[in-house]
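1. Whatever this is, show me its structure:
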Amino acid sequence: MTDAVQSPAPAAAVRSGEWIDRLRIGAEYLVIPVFAVLVSAALFSIFLLFLGKDPLQFYSLLWRGGFGTAFSWQNTLLRSAPLILTALCVALPARAGLVIIGGEGALVLGGLAAAMVALPFGGGGPTLVVMPMMALAAAIAGAIWIGLVGVLRHSRGVNETISSLLLSYIAIALMNFMVEGPLRDPASANKPSTADIGPGAMVGKIPGMDVHWGLVWGIVLAVILYILVNRTTYGFALRVTGGNVRAARAQGLPVGWLMISCCAIAGACAGLAGYFEVAAIHGKANASLIAGYGFTGILVAFLARHNPLAVVPVAILFGGIAAAGGLIQRRMGLPDASVLLFQSLIFVVLLVSETLYGRFAIFRPRAEADRT
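-> Below you'll find the model as predicted:
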């Protein structure tokens with residue numbers, strides 16, 4: 001009887017110990033990226049002092065321009081929407097051990113495909129038909145383009161980082177050829193563009209906000225991909241493949257199909273970013289699609305540790321940094337590209353910080369920490 005009364009206590013202690021171990025392990029993936037950002041801020045402060053600028057003023061304007069007012073928040077969220085989608089283009093293949101950096105190309109082709117679908121309607125046509133067709137065309141274009149990276153990796157062993165980057169440049173060249181040639185609107189003299197897609201094909205804004213619905217779709221897709229990766233057999237097989245390809249093949253997993261399919265899903269996300277840029281921002285396809293969202297998405301994904309849910313707040317952070325660029329330029333006399341330099345510094349420090357994982361006993365399970 002005594003044993004029966006006392007037995008739940010050890011079980012509860014075990015569960016408590018497991019929860020503490022999970023918390024310690026999870027804290028590492030939060031503390032180290034935050035530390036990397038703080039180190040980046042300190043190094044950039046030294047750079048500002050060398051230029052004779054006040055670092056405190058820079059970070060004050062950075063906060064005000066990105067998060068200080070309601071208008072700043074809306075501008076930040078507007079820039080965050082494509083960052084979420086392009087970061088997902090990096091994060092999902094990373095779970096299969098693939099480093100994809102060609103989201104910019106998928107975004108550009110997605111925007112071009114969306115515009116091409118809308119143009120035959122001449123700005124008319126039923127909205128409930130045109131808009132889904134544009135979104136589908138954009139997603140398919142992105143899926144094919146990044147899916148090709150997976151095909152090259154699986155069938156020919158071509159490095160996916162190099163192939164995705166080169167395909168990105170090809171996609172940009174293809175878009176420029178189309179908007180400067182067959183699809184060019186004669187009225188676009190100064191900036192070659194396609195014709196306007198028309199108000200009936202434009203995506204509306206979230207009620208009460210000056211932010212389009214792309215933000216909502218980005219968050220929804222982040223949640224869906226998190227569930228796909230962490231709560232499904234497909235996601236488990238993807239993570240096994242990313243951990244050890246030989247072991248995955250030994251277990252009979254379809255490694256090639258997993259690589260190609262995850263690249264296609266990732267490309268579809270980036271393609272949708274292009275759709276929203278055309279259908280919610282520009283109203284046409286032109287060189288404005290080449291805004292660097294695909295490359296910034298790489299940084300967002302790495303800082304989020306390729307966790308689809310963590311992508312959302314990190315994308316908002318970098319959307320705020322980008323939104324503050326104009327204010328910093330006006331108040332401090334720094335070029336608008338100074339925020340890009342800050343982002344690049346964060347990326348470099350973040351890559352260096354990868355060497356810190358697993359080095360601190362405080363982040364290890366207690367049993368392992370006690371042995372060391």
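2. which regions of this structure lie under the pLDDT threshold?
-> The model of the chain has pLDDT under 70 over residues 1-22, 24-25, 123-124, 366-372.
3. looking at it, Pro308 is touching Gly235, isn't it?
-> No - using C-beta atoms under 8 Å, Pro308 is not in contact with Gly235, being 10.4 Å away. (Glycine included, C-beta is placed from N, CA and C.)
4. Find the residues that touch each one of the two.
-> Jointly contacting Pro308 and Gly235 under the rule C-beta atoms under 8 Å, 6 or more residues apart in numbering are Val229.
5. More neighbours: which of these two?
-> The residue with more neighbours, out of Pro308 and Gly235, is Pro308; 26 against 18, by other C-beta atoms under 10 Å.
6. OK, contacts around Leu74?
-> In this structure residue 74 is Gln, not Leu. Going by C-beta under 8 Å, 6+ apart, Gln74 touches 209-211.
7. just the buried members of these?
-> Listed as buried from the contacts of Gln74 are Val211; burial here means 16 or more other C-beta atoms under 10 Å.
8. Ala81: which of the contacts of Gln74 is nearest?
-> Nearest to Ala81 out of these is Val211 (C-beta to C-beta; 7.3 Å).
9. number of nearby residues for the nearest residue to the closest one once chain neighbours are set aside?
-> Excluding its sequence neighbours, the residue lying closest to Val211 (C-beta to C-beta, 6 or more residues apart in numbering) is Leu77, at 4.7 Å. Neighbour count of Leu77, defined by other C-beta under 10 Å: 21.
10. Okay, and Leu77 sits in which element?
-> For Leu77, the enclosing helix or strand under DSSP states H and E is helix 70-94.
11. C-terminal to that helix, what's the next element?
-> By DSSP H and E, the next helix or strand past helix 70-94 is helix 103-118.
12. what angle sits between that following helix and helix 70-94?
-> Angle between the axes of helix 103-118 and helix 70-94 is 110 degrees (criterion: axes from the mean of the first three to the mean of the last three C-alpha atoms, to 10 degrees).
13. Mind listing what's buried along the strand or helix carrying Leu228?
-> Counting by DSSP H and E, the element that carries Leu228 is helix 214-230. Within helix 214-230, the residues that count as buried by 16+ other C-beta under 10 Å are 214-215, 217-219, 221-222, 225-226, 228-229.
14. got the contact list for the helix or strand just after that helix?
-> Using DSSP H and E, the helix or strand that directly follows helix 214-230 along the chain is helix 233-243. Contacts of helix 233-243 with the rest of the structure, by C-beta under 8 Å, 6+ apart, involve 94-98, 228-229, 247-248, 251, 253-255, 258-259, 262.
15. Off-centre distance for helix 233-243?
-> In terms of C-alpha atoms, centre = their mean, to the nearest Å, the centre of helix 233-243 is found 20 Å from the chain centre.
16. Helix 70-94 and that helix, what's the angle between them?
-> Going by the same axes, to 10 degrees, helix 233-243 makes 70 degrees with helix 70-94.
17. gap between the spatially most central residue of the chain and Gly320?
-> Within the chain, one residue has its C-alpha closest to the average C-alpha position: by C-alpha atoms, centre = their mean, that is Ala87, at 1.1 Å. Distance of Ala87 to Gly320, computed by C-beta to C-beta, to the nearest Å: 15 Å.
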